[in-house]
Structures are given as structure tokens and as C-alpha cells.
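Peer 1: next come a sequence and a model predicted from it.
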Amino acid sequence: TITTTGAIAGVANNNAVEVTSNFTPKLFNLAFGGAGSGTVGAGAAVAINDVTNAVKAVILGDQTRINLGDSALLVSAKTLLANMDGEARFDTRSDGDDSIDLDAQIWSFSIGIGAGGNVGFAGSVNLNWIRNSTQALIDGVTIRDQSAGGAAGDVTVEAYNNASLTAFAGGASGSSGVAATVAVSLNFLGGTPDNDGIGSVDGSGSNLVEAAVNDADLFVNSLTVQTASDGTINAFAASISGAGSFAGNGSAALNFMGRQAVARISSSSNVESINDVSVTSDDRSVIYSGSAQISGSSSVAIGAAGAY
């Protein structure tokens, strides 16, 4: 954040000004639970991940003056820095592979196994919340070529959120009597545990990708305000059970996206541009989700699987 009561001058040598903020998460979580007994065996595994962050790049203040000359100004906030992809992702594909991209920064696995002579039970729960804000702002600032009385150079305000997650919940149970397995994968990308709604454009929300020019006075060569949200959820749940008298399974993969991407210039701003003014917002988020179950018994077997 730049906040001044004077001026930032780059006129003498036409230096560019950059204000950048980047967050590149990487997380791997594995939960395993297993149990076996001659009578009753029950195994359970629970994996919970809650990633909350705020990434902001801001030039702020009614008294802030930036004298650029003909050089450029960049205000950039990114969740997952583009040139960090190779280091931040657990890559699942080889070079030249065009299959579904399951790369992610967050990988979470929960596996439960239970076996018993009379009763076998297995439970697996995988819960993931990613709630963040990524904001690039010019607020109340004057930008121009003050010494020449003309236009400053190119100004770009950009915010990107490319974070993604992969989650798997699996369970297996077996018994000569009764066996039951439950597997649930629940994922919120841009949601919160108590509210899967989107953030607000005033910056108070936690699920926002925003690039904005507010209450600013700009005389520039060109102005670009742009946002992109490229979040991905890869989720799968699977349950297996086998028993002599009764086998029952249930598996579910539930996924929710609630992120808002906003690019804007406020009505209270004064913008003069010699060339283009571009304001764009793009949401390319995608969900890959699957659920499966297998149950077998010499008497009764039931199962259900669902994905959303």
C-alpha cells in the first residue's frame, strides 16, 4: 500500500512505478483411520482445511500525487502468482499431456477403513474452505505528468485469483455380519463455513476479486482495469463395503463456488485517456466432481452416491 501526503515523482528518469502483492499457497493434507476387530471394527478419518487470506495492492489517499512522466504504473494483486505455477502446483500431468488439468495448490485426502467379525464401519469426511479477497485499488489519487502538464503513461490495475483445490474422501468396510461405509467431500471455493455467499464490492467481503479506480483523478495515455477468477475444484468421494448379511454405502461430493469478480471505475472518478480505456472481468472457474460406491452382500446390499 502506498499512502502519502506529498508526491511520488518519476519524471526525471521516467522510472515505472509498481505496487504488487502476491500470495502463492501450497498445502497437502492426509488423514487416515483404520480399525479391525473380531467383533466390531470402526475406522474414521476427517481432514479439514480452512485457508483465509487477503491480498491487496493499493495506492491510497486524497493527497497522493504520482507524477509518472510517460512511464507506466502497475497496481497488481494476485492469488497464485503466474510464474510460480511450477513451484506452487502439485502437477498431475506430464509435458504435452492434454487430459483434464487436476493441478492444484491444495490437496486433501481422507481415508477410513473398518473391519470386524460382526460389525464393520468406516467413515471419511473431507471439508475444505477457501475464502479470500484479492484486490488492486487506486483510491483518491491524482496521476499525471505534472511537470509537462500532460498525460502520464499507461496505467494498469489488475487482480487475479487462480487458487484451486483437489479433495478425496474414501472409505471401505467389511464384516461377516453387517458393514457400512460413509464418505463425504464438501468443498467451498469462495465460501465460508456459515455462509457460501459472495463478498461485497466495498471490500468488506472475503470472497472477492476486485480491480478498481475510486475517486481518482487520472490523465494518462491508457487505462486498463481487469480481473480474472480461475478457481478450480477437483472432488471425488468413494465408498466400498462387503458383508455376509447386510452391506450399506453412501458417498457424496458437494461443491460450491461463491466468488465474485469485479472490475470498475467509480462514477466519482475523473479519467482522461489519450488512448484506450479498458475495463474487463472474467470468471473461468470450473468444477470436476465425482462420486462412486460399491456394496456386496450374500443377503442385502444397498448403496447411494451423489455429486453436485
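Peer 2: That came through, no problem.

Peer 1: so what pLDDT did the residue nearest the centre of the chain get?
Peer 2: Within the chain, one residue has its C-alpha closest to the average C-alpha position: by C-alpha atoms, centre = their mean, that is A163, at 3.8 Å. Per-residue confidence at A163 stands at 81 (pLDDT).

Peer 1: V40 touches S173, doesn't it?
Peer 2: No: judged on C-beta atoms under 8 Å, V40 makes no contact with S173 at a distance of 11.1 Å. C-betas here are computed from N, CA, C, even on glycine.

Peer 1: higher neighbour count, those two?
Peer 2: Summary of the neighbour comparison: V40 and S173, criterion other C-beta atoms under 10 Å, with S173 having more neighbours (32 against 18).

Peer 1: assumed that one was part of a strand.
Peer 2: Yes: residue state for S173 (DSSP: H, G, I helix; E, B strand; the rest coil) corresponds to a strand.

Peer 1: which residues does it contact?
Peer 2: 41, 43, 113-115, 120-122, 179-181, 240-243 (C-beta atoms under 8 Å, 6 or more residues apart in numbering).

Peer 1: which among those count as buried?
Peer 2: Restricting the contacts of S173 to buried positions leaves 41, 43, 113-115, 120-122, 179-181, 240-243, with burial counted as 16 or more other C-beta atoms under 10 Å.

Peer 1: which residues in the chain form helices?
Peer 2: 85-88 (DSSP state H).

Peer 1: residue boundaries of the strands in the stretch 201-308 of the chain?
Peer 2: Listed from the start of the chain, the stretch 201-308 of the chain has strands (DSSP state E, counting those that start in this stretch) covering 208-214, 217-229, 232-243, 246-257, 260-265, 270-273, 277-283, 286-297, 300-307.

Peer 1: which one, of those, ends up nearest to A35?
Peer 2: With distances scored as C-beta to C-beta, the stretch of the strands of the stretch 201-308 of the chain nearest to A35 is strand 232-243 (14.4 Å).

Peer 1: picking that back up, shared neighbours of V40 and S173, anything?
Peer 2: With contacts defined as C-beta under 8 Å, 6+ apart, the residues shared by V40 and S173 are G120, F121.

Peer 1: what's in contact with stretch 286-295?
Peer 2: Contacts of stretch 286-295 from elsewhere in the structure, counted by C-beta under 8 Å, 6+ apart, are 100, 102, 181, 232-242, 247-253, 255, 257, 301-308.

Peer 1: so how far is S37 from G242?
Peer 2: Counting by C-beta to C-beta, to the nearest Å, the gap from G242 to S37 is 16 Å.

Peer 1: kindly report the same for V279.
Peer 2: V279 sits 64 Å away from S37, taking C-beta to C-beta as the criterion.

Peer 1: now swap in D50 and tell me
Peer 2: Separation of D50 from S37 (C-beta to C-beta): 34 Å.

Peer 1: look at these two and report which has more neighbours.
Peer 2: Taking D50 and S37 together and counting by other C-beta under 10 Å, S37 has the greater number of neighbours (15 against 12).
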